[in-house]
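> predicted coordinates and the sequence they were generated for:
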Amino acid sequence: MSVKYTPVQWNRNKWIYDAVMLAGVGAFLWVFLYITPDALNHDRAVNPQIHNARAFGACAFVMLTIILCIGPAARLDTRFLPLLYNRRHFGVMTTFVAITHASYILNWYFAFSSSNKYVGLLSANTSFGQIAGFSFELFGIFALICLLILATTSHDFWLKFLTPPVWKRLHYLIYAAYFSVAAHISLGILQDQKNHVFTVLFIGGASAVIVLHLAAWWRERSNVAARDGAWVQVARPGAFSDGFAKIVKLSNGDRVAVYLMNGQLSAISNACAHQNGPLGEGKVIDCLVTCPWHGFQYDVRSGRSPAPFTEMVPTYRLRFENGMIEVHPDANPPGTYVDPLPLPATALPQGLSA
Amino acid sequence: MDLAQSIVMAVQIWGGIGLSVAAVFLTIGMDRIDEDARGSYIFRPLLIPGVMLIWPLVLWRWWQIETQSAPWAARYRAVRGWYGAAILAMSIGIVVIVATGLSVRQTWPADAAPVQLSAGDKP
């Protein structure tokens, strides 16, 4: 959480996560370079430079595929949430792997000329009028620029400075980057494959990303329906579980998390101030809800993080009307205390007493 | 100067301006707009590449914060509405580009068995 910025807020889980990730990268490169030349059809690479370029390029694609699978997998099944926890380190590492791939290419194909190698990269292939032989390098350059932007703006400072919505929009570049990588591969190395193992692996990875994202998107659309009116219905009291929230979507698109806690209800924005994570999926303990994405905490009565932290989210007013819990769609300014709404003893869920 | 040289020069100019913006923002601007940054210096060099890449966005946000022109509620408005459009565009794009790539892939003469055209001098 905030207070003062540091380069990286290390903890034991992050060390383990990064160690496993680095071991995975090392293992992938070793397998690609020394174990599977026959299977992946690179047994007769021209020289180590090209061999290494292919290994790091394939590794970057696999890492990007895993990164893009983690998000929807965690939304579909909460058991994947631990993988989401430190995904930004995964992304930064992927960018370094992609830069290494690009460096091998630049320092082999474009290094032995009197002209600038970057000028050479941009002018070597200008087949823009045809699909076969199209300048696939451009897709790779675009994807690398996207990855650079994402990696260099991954520090917590950027989230606070740009605001989560702007930061999120910027980081939607990941989808454009993944399409560009797919185009870079389809019009590049795939044109040169003489067996189909790599082709199948590539299509399988891209399909997994597409299917998981579409499934997560479909479930989200099905679960939450927009409602109109001044006061918005949330649920009947019996539908609540103590310590957990019901999430309601307002007509303006905002989501509100309404928590039941010791027979009383409180409502805050569902969007965490850190990365707009789903606060409504967190559990309340001692009035504090913990964001399932990165562990930020808020008092559900005031929307404030416990001292010395300074994050705040908006709060909402609630009422109990005709047996139904309702929320007013006008948000209070972040950090505004709202008295919890006590439920009548007769309306409490089974097993609870006020 | 051809197009490729112009692009490389434009990138260098972009980076140069970004470096200047980073120098001013990280030494003066950051302390003015973010109290959490005051007294924290070690993390600032990490931000230089980011400022170089997106310096127009940095200048826009810096101006917004200085003038307090951004509505407070905008910070809490999650942008999930864009998610569906983004993943649909990505998915359709990938299917089209992969199908296109496979359809234009040439298998001849790469897969043809080599044919010796002449016996040559050696037996």
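Thanks, I have it.

> just the CA coordinates of stretch A:122-132, formatted as PDB?
What follows is stretch A:122-132, C-alpha atoms only, in PDB (Å, rounded to 0.1, in the frame of the first residue of the first chain):
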ATOM      1  CA  LEU A 122      12.500  -0.100 -41.000                       C
ATOM      2  CA  SER A 123      13.600  -0.100 -44.600                       C
ATOM      3  CA  ALA A 124      14.600  -3.700 -45.300                       C
ATOM      4  CA  ASN A 125      11.100  -5.100 -45.900                       C
ATOM      5  CA  THR A 126       8.600  -2.700 -47.600                       C
ATOM      6  CA  SER A 127       6.200  -5.300 -49.000                       C
ATOM      7  CA  PHE A 128       3.100  -3.500 -47.800                       C
ATOM      8  CA  GLY A 129       1.000  -4.400 -50.900                       C
ATOM      9  CA  GLN A 130       0.900  -8.100 -50.400                       C
ATOM     10  CA  ILE A 131       0.100 -10.600 -47.500                       C
ATOM     11  CA  ALA A 132       2.700 -13.200 -48.300                       C
END
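
> that stretch near chain B at all?
Yes: when contact is scored as CB under 8 Å from any CB of the partner chain, part of stretch A:122-132 falls within range of chain B: A:Leu122, A:Ser123, A:Ile131, A:Ala132. Using the backbone N, CA and C atoms, a C-beta is placed for each residue, glycine as well.

> surely the second one meets B:Ile7?
Meaning A:Ser123. No: checked against CB atoms under 8 Å, the pair A:Ser123 and B:Ile7 is beyond contact range at 9.4 Å.

> what about the two, which has more around it?
With neighbours defined as other CB atoms under 10 Å in any protein chain shown, A:Ser123 and B:Ile7 compare such that A:Ser123 has more, 18 against 15.

> burial measure for the closest residue to A:Leu173 other than its chain neighbours, as a count.
In this structure, A:Leu173 finds its nearest non-sequential neighbour in A:Cys146, 4.4 Å apart by CB to CB, 6 or more residues apart in numbering or on different chains. Per other CB under 10 Å, the neighbour tally for A:Cys146 reads 24.

> gap between the host helix or strand of A:Cys146 and the chain center?
Remark: A:Cys146 resides in helix A:137-152, with elements defined by DSSP states H and E. Relative to its parent chain, helix A:137-152 has a centroid offset of 17 Å by CA atoms, centre = their mean, to the nearest Å.

> anything in the next helix or strand after that helix near chain B?
Counting by DSSP H and E, the element after helix A:137-152 in chain order, helix or strand, is helix A:156-162. Yes: residues of helix A:156-162 are located near chain B by CB under 8 Å from any CB, namely A:Phe157, A:Trp158, A:Lys160, A:Phe161, A:Leu162.

> list the buried residues of helix A:156-162.
By neighbour count on 16 or more other CB atoms under 10 Å in any protein chain shown, the buried set for helix A:156-162 is A:Asp156, A:Phe157, A:Trp158, A:Leu159, A:Lys160, A:Phe161, A:Leu162.

> scan chain A for its longest helix.
The helix spanning the most residues in chain A, taking DSSP state H as the definition, is helix A:48-76.

> follow-up on the earlier one: closest to A:Arg75 among the residues of stretch A:122-132 next to chain B?
Sorting these by distance to A:Arg75 puts A:Ile131 at the head of the list, at 35.7 Å, by CB to CB.

> give me the nearest residue to B:Phe17, chain neighbours excluded.
Quick fix: residue B:17 reads Ile, not Phe. Counting by CB to CB, 6+ apart, B:Trp55 is the residue found nearest to B:Ile17 once chain neighbours are left out, at 6.2 Å.

> now do the contacts for the one you found.
B:Trp14, B:Ile17, B:Gly18, B:Val21, B:Ala22 (CB atoms under 8 Å, 6 or more residues apart in numbering or on different chains).

> the longest helix of chain A: what's the following helix or strand?
In the C-terminal direction, the helix or strand that comes right after helix A:48-76 (DSSP H and E) is helix A:81-85.

> by contact count, what packs against that next one?
helix A:48-76 (3 or more CB pairs under 8 Å, 6 or more residues apart in numbering or on different chains; DSSP states H and E).

> buried residues, the helix it packs on. List them.
Burial within helix A:48-76, assessed by neighbour count using 16+ other CB under 10 Å, is assigned to A:49, A:51-75.

> what's in contact with stretch A:142-151?
Taking CB under 8 Å, 6+ apart as the rule, stretch A:142-151 contacts A:91-92, A:94-95, A:98-99, A:102, A:170-171, A:173-174, A:176-178, A:180-181, A:184, B:49-50, B:53-54.
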